[in-house]
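Visitor: For reference, the sequence and a predicted model appear below.
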Amino acid sequence: MRASDRIGEEERRALERAIAEQERRTGGEIVVAVVRACDEYGSAGWRLGVALAATAFLAVGLFAPPLPWTAYLGVQAAALALGHALARLDPIRRLLVSDRLLEQRAFERARRCFAEQGLARTRGRTGILIFAALFERRVVVLGDEGIDRALGPGESWQAAVDAAREGLREGSAALGLAEAVRLCGELLARHLPALPQDRDELPNAVVVLEE
């Protein structure tokens, strides 16, 4: 499923209004980005295919009457192809990828997105990215130097991450992200309240990546 199918036009506009509302309270610049998947995880199909091919070879060898060698090859090739086909289904592919790798790929893609969207170029280094990876079901919140310095001891973006991840799990990504925006805005307003000279340096449009 495409990322744009998970967050429709109306939901996107509502998110953009939520971003604008929170940015009026703070000097921070909030960007929300959604990506369908952070990696193709191509090895998942090979691993499943090889496992199915080995299982099929053993089953045919143990339970079928003697067959020409071409039949064994054909069974293994069909099992390999089936493994690749099954691994294209997100729920199955997700089971074939370790949690550690899902976390790693989501964080790496969030770091790239932070740079791509110009979040490191704000005047006070006050950019913050809320990044949601739909396939991985992971959320990363990254704040620039000015924001990280302003946070108090023990403060973090974990509540915003949890809210957005809950939305992903419940099939309401836009609602979860809107709550994450609100929570980030509240924390930013306490430490970086809006000043008269503040201006909107980054677009409020939700970034949707279909890669």
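Guide: Sure, I can see it. None of the values given here were measured: they were computed from a predicted structure.

Visitor: Leaving out chain neighbours, which residue sits closest to Ala159?
Guide: With C-beta to C-beta, 6 or more residues apart in numbering as the criterion, Ala159 has its nearest non-adjacent residue at 5.1 Å, and that residue is Leu183. Yep, even glycine has a C-beta here, placed from its N, CA and C like the rest.

Visitor: can you pull the contacts of the most centrally placed residue in the chain?
Guide: Per C-alpha atoms, centre = their mean, the C-alpha nearest to the average position across the chain is that of Ala133, at 0.9 Å. Residues in contact with Ala133, defined by C-beta atoms under 8 Å, 6 or more residues apart in numbering, are 35, 37-38, 105-106, 109-110, 139-140.

Visitor: and the gap between the residue nearest to Ala159 and Gly45?
Guide: Leu183 is 38 Å from Gly45, where distance means C-beta to C-beta, to the nearest Å.

Visitor: Tally up the residues packed near the closest residue to the residue nearest to the centre of the chain other than its chain neighbours, please.
Guide: Counting by C-beta to C-beta, 6+ apart, the nearest residue to Ala133 once its immediate chain neighbours are dropped is Ala106, at 4.4 Å. Other residues within reach of Ala106 by the criterion other C-beta atoms under 10 Å amount to 23.

Visitor: now Leu15
Guide: For Leu15, the neighbour count with other C-beta under 10 Å is 24.

Visitor: Please apply the same query to the one 3 residues further on.
Guide: The burial count assigned to Ala18 is 22, neighbours taken as other C-beta under 10 Å.

Visitor: check which helix or strand covers it.
Guide: Secondary-structure assignment from DSSP states H and E places Ala18 in helix 9-23.

Visitor: Likewise for Tyr72?
Guide: Using DSSP H and E, Tyr72 sits within helix 69-87.

Visitor: Just the buried positions in that helix, please.
Guide: For helix 69-87, the buried set under the neighbour-count rule, 16 or more other C-beta atoms under 10 Å, comprises 75-76, 79-80, 83, 86-87.

Visitor: how does the chain divide into domains?
Guide: With domains defined by automatic domain parsing, the chain comprises 3-40+98-209, 43-95.

Visitor: can you list those in JSON lines and add mean pLDDT?
Guide: Rendered in JSON lines, the data for those read as follows (pLDDT from 0 to 100):
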{"stretch": "domain 3-40+98-209", "mean pLDDT": "90"}
{"stretch": "domain 43-95", "mean pLDDT": "87"}
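
Visitor: Among the contacts of Ala133, which ones are in helices?
Guide: With helices defined by DSSP state H, the entries of the contacts of Ala133 inside them are 105-106, 109-110.

Visitor: Most widely separated two among these?
Guide: The two members of these with the most space between them (C-beta to C-beta) are Arg105 and Ala110, at 9.6 Å.
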